[in-house]
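S.K.: here is my input, please return the structure:
(one chain, ligands or ions: 3)
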Amino acid sequence: MSEPEVTAAGDPASEPTPVSSGGRDGTPALMTVDHLRVLFPIKSGLIIDRTVAHVHAVDDVSFSLVQGETLGVVGESGCGKTTLIRTLVRLVDATSGTIEFHGADITKAKRRQLEPIRREMQMVFQDPQASLNPRKRIQQILTTALKLRGVASGEIESESRSLMDRVGLRPEHLSRFPHEFSGGQRQRIGIARALAVNPKLILLDEPVSALDVSIQAQVINLLDELQDEMGLSYVFVAHDLSVVRHVSDRIAVMYLGKVMELSPAEELYTKPIHPYTSALLAAIPIPDPKQNRARVRAVVSGEVPSPIDPPPGCRFAGRCPRASELCRAEEPQLTEYANGHLAACHHPQNVTAAELAAATRSPLSPLVATSTAPSLPA
Ligand SMILES: Nc1ncnc2c1ncn2[C@@H]1O[C@H](COP(=O)(O)OP(=O)(O)O)[C@@H](O)[C@H]1O
Ligand code: SF4
Ligand SMILES: [Mg+2]
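M.R.: Numbers count the residues shown, from 1 in each chain. Ligands and ions are numbered 1, 2, ... in the order given. Reported below is the predicted structural model:
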């Protein structure tokens, strides 16, 4: 199969409405992601490499983020969360679409242009064990990061001690190696390393998934405090909705490379519009076994389909209890309901007829999505 036809982002012929590059109240955006796609080619052929298909890891994703805001990104494994944030820090190249940071288009920025930008955007990884060099003492790990920020040699030790203190670790443990800490403590070191360069934005890839539940809460509280103190912005990736609830201002729910719903955080839990969000909510474990058994589960059956050249229509159609012929034929537009709540579903739930009548197509909607307006299920 040949290269798929990728519509250029912002092509006025395909979509007249540009993505707004600011917050809802007019605050300038720190980051604006506009119709971003990341397709990985699948090659075959013994002599000549031919591209036979593409993995649609991130498929026309748009959002903006303001300073001090946390965007939670949630979805099952393989839906493109890691690829999305690796593309935002330019560790993966975008196939099309644009990424703006502080108003500058960084989508194709070269290595040298990226150096100062990378200092402002830091990543924290899921597995703190794997992301810290086991042969280096914590002092050495932090020194490398502090030097990147241009901290003078004479100040490195006091800055390191203050970083340790800030993330709730004892400064006298700077001489230890990563393996001498617990999982939660290692994640605190990962956070200290990210903070050392004085970033504006931290991209957190399932930062607490590998930790015990009690430790998860401590690390999340730490992130919350640091955000308040330093005005940081976060993109916080998680595979279930329980983790991001209290830390996020808004939450994007992803499925097979697409944003299915983007909502102010609390509203997503009380008024999910997309059936996939309801399924994710139903999957959140409830600690009390009695309550857990009594809960009416909207759990969907079936596996996540392959992201290789997915068929047209709604990507959730194969697992959705509300799927209609229209769903299988046409990709639903991302529609904006009241309160900046967006969802891509032909037959939305938890909306009234009046809310539906007032809803509009969002400029964040995928370029190829249908213009068929959503309707309430019969
Ligand atoms: N370098 C790569 N080459 C080919 N496919 C990839 C590559 N990285 C990720 N993928 C595929 O892209 C999809 C999204 O992966 P990923 O971003 O890791 O998802 P998540 O973080 O949500 O689990 C998956 O189908 C994965 O197999
Ligand atoms: S568009 Fe159709 S298949 Fe997709 S989530 Fe909505 S009802 Fe289900
Ligand atoms: Mg991942």
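S.K.: all contacts plus neighbour counts: C-alpha atoms, from now on.
M.R.: OK.
S.K.: export only the CA atoms of the helix or strand containing Val52, formatted as PDB.
M.R.: Val52 belongs to strand 50-66 when assigned by DSSP states H and E. Only the C-alpha atoms of strand 50-66 are listed here, as PDB (Å, rounded to 0.1, in the frame of the first residue of the first chain):
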ATOM      1  CA  ARG A  50       8.100  -1.200   0.900                       C
ATOM      2  CA  THR A  51       5.700   0.500   3.200                       C
ATOM      3  CA  VAL A  52       2.700  -1.800   3.400                       C
ATOM      4  CA  ALA A  53       0.600  -0.100   6.100                       C
ATOM      5  CA  HIS A  54       0.800   2.400   8.900                       C
ATOM      6  CA  VAL A  55       0.300   2.200  12.700                       C
ATOM      7  CA  HIS A  56      -2.000   5.200  13.500                       C
ATOM      8  CA  ALA A  57      -0.400   5.900  16.900                       C
ATOM      9  CA  VAL A  58      -1.600   9.600  17.100                       C
ATOM     10  CA  ASP A  59      -4.300  10.500  14.600                       C
ATOM     11  CA  ASP A  60      -5.300  14.100  14.400                       C
ATOM     12  CA  VAL A  61      -5.000  15.300  17.900                       C
ATOM     13  CA  SER A  62      -5.500  19.000  18.900                       C
ATOM     14  CA  PHE A  63      -5.400  20.800  22.200                       C
ATOM     15  CA  SER A  64      -3.900  23.700  24.000                       C
ATOM     16  CA  LEU A  65      -2.500  24.100  27.400                       C
ATOM     17  CA  VAL A  66      -2.000  27.300  29.500                       C
END
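S.K.: and it, what's buried?
M.R.: Across strand 50-66, burial judged by 16 or more other C-alpha atoms under 10 Å covers 53-66.
S.K.: mean confidence (pLDDT) on that strand, please.
M.R.: For strand 50-66, mean pLDDT is 95.
S.K.: show me where the stretch 1-150 of the chain has helices.
M.R.: Along the stretch 1-150 of the chain, counting by DSSP state H, counting those that start in this stretch, helices occupy 81-88, 111-120, 128-131, 138-148.
S.K.: sorry, back to before: is the strand holding Val52 in proximity to ligand 1?
M.R.: Yes. Contact between strand 50-66 and ligand 1 is present through 55, 57 (criterion: C-alpha under 6 Å from any ligand atom).
S.K.: that strand vs helix 81-88, what angle?
M.R.: On the basis of axes from the mean of the first three to the mean of the last three C-alpha atoms, to 10 degrees, strand 50-66 is oriented at 80 degrees to helix 81-88.
S.K.: strand 50-66: how far from the chain's middle?
M.R.: 13 Å (C-alpha atoms, centre = their mean, to the nearest Å).
S.K.: now for the residue nearest in space to the middle of the chain: which residues touch it?
M.R.: When C-alpha atoms, centre = their mean is applied to the chain, the residue found nearest the centroid is Val73 (3.6 Å). For Val73, the contact set (C-alpha atoms under 8 Å, 6 or more residues apart in numbering) comprises 81, 235-238, 251-254.
S.K.: filter those residues by proximity to ligand 1?
M.R.: Within the contacts of Val73, those near ligand 1 by C-alpha under 6 Å from any ligand atom are Lys81.
S.K.: out of the contacts of Val73, which end up buried?
M.R.: Using 16+ other C-alpha under 10 Å, the buried ones in the contacts of Val73 are 81, 235-238, 251-254.
S.K.: and the gap between Gln122 and ligand 2?
M.R.: 34 Å (C-alpha to the nearest ligand atom, to the nearest Å).
S.K.: partners of the closest residue to that residue other than its chain neighbours in the sheet?
M.R.: Spatial nearest neighbour of Gln122, chain neighbours left out: Ile202 (4.8 Å); criterion: C-alpha to C-alpha, 6 or more residues apart in numbering. Assessed by DSSP bridges, Ile202 has beta-bridge partners Gln122, Tyr234.
S.K.: next one: the residue in the stretch 51-200 of the chain that ligand 2 sits nearest to from Pro41, what distance?
M.R.: Ligand 2 sits closest to Gly75 of the stretch 51-200 of the chain, with a gap of 14.2 Å, by C-alpha to the nearest ligand atom. Per C-alpha to C-alpha, to the nearest Å, Gly75 is found 23 Å from Pro41.
S.K.: which one of the two is surrounded by more residues?
M.R.: Remark: of Gly75 and Pro41, Gly75 carries more neighbours, 25 against 15, as counted by other C-alpha atoms under 10 Å.
S.K.: what comes into contact with stretch 203-216?
M.R.: With contact meaning C-alpha under 8 Å, 6+ apart, stretch 203-216 is reached by 81-82, 85, 121-127, 183-184, 187, 219-220, 234-239.
S.K.: try it again with 6 Å
M.R.: Identification of contacts with stretch 203-216 by C-alpha atoms under 6 Å, 6 or more residues apart in numbering yields 123-126, 234-238.
S.K.: buried set for that stretch?
M.R.: So, applying 16+ other C-alpha under 10 Å, buried residues of stretch 203-216: 203-211, 216.
S.K.: now stretch 77-91
M.R.: In stretch 77-91, counting by 16+ other C-alpha under 10 Å, buried: 78-90.
S.K.: how far does the longest helix that the chain contains sit from its chain's centre?
M.R.: Ordering each helix of the chain by length in residues (DSSP state H) puts helix 213-230 first. Here helix 213-230 is found 18 Å from its chain centre; the criterion is C-alpha atoms, centre = their mean.
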